[in-house]
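Engineer: One predicted model, sequence on top.
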Amino acid sequence: MNKPDIQPHPIPCRDCSAGMMHPRLITYFTWLGEELITVPNFPAWICDMCGKRDYDEKAISWLSMLLNPTAGNPTRKKLASAKPRSTPGHAHPSIDS
Ligand SMILES: [Zn+2]
C-alpha cells in the first residue's frame, strides 16, 4: 500500500556536493533570551555524507514568528519603575478629638 504522503525529494548537499540531504524531523534547539527552547519534530534537511543540517526555511520563519513576543501581540509591558519605595510612615498621625 502506498501512502499518499507527499515526500520531498532528497536534494544534493551544497556543502560537500557528494551527499544528498534528506528530509528529517529533528529536535530544534534555540535560545529565547536565557531560555532554551526545544522544538520536537522540526523539519530539517540532513546530509548523509557530511552531516550538514539545514532547517526548513518556512519552519524557521514560523518559529521566529511564534517566539517573537511582539508579533501579533502589541500589548507592551510598561517598564515598571522597580525602585524600592520606602513607604511613608505615619509621621504625623492626625488625631481627631
Ligand atoms: Zn554534505
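Structural biologist: Structure's in. What do you need?

Engineer: Show the pLDDT at residue 46.
Structural biologist: Here the pLDDT value assigned to residue 46 is 94.

Engineer: Could you list the buried residues of the helix or strand encompassing it?
Structural biologist: Element membership for residue 46 (DSSP states H and E) is strand 35-47. In terms of neighbour count (16 or more other Cβ atoms under 10 Å), strand 35-47 has its buried residues at 39, 42, 43, 44, 45, 46, 47. Using the backbone N, CA and C atoms, a C-beta is placed for each residue, glycine as well.

Engineer: which residues in the protein form helices?
Structural biologist: Secondary structure of the chain (DSSP state H): helices located at 57-67.

Engineer: For it, what lies in contact range of the ion?
Structural biologist: When proximity is defined by Cβ under 5 Å from the ion, the chain lies next to the ion at 13, 15, 16, 19, 47, 49, 50, 52.

Engineer: circling back to that earlier point, save the buried residues of strand 35-47 as a markdown table, and put in distance to residue 57 too.
Structural biologist: Output for the buried residues of strand 35-47, formatted as a markdown table (distance: Cβ to Cβ, whole Å):
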| residue | distance to residue 57 |
| --- | --- |
| 39 | 15 |
| 42 | 12 |
| 43 | 10 |
| 44 | 11 |
| 45 | 10 |
| 46 | 15 |
| 47 | 17 |
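
Engineer: tell me which of the residues you listed is nearest to the ion?
Structural biologist: Within the set of the buried residues of strand 35-47, residue 47 lies nearest the ion; the separation is 3.2 Å, counting by Cβ to the ion.
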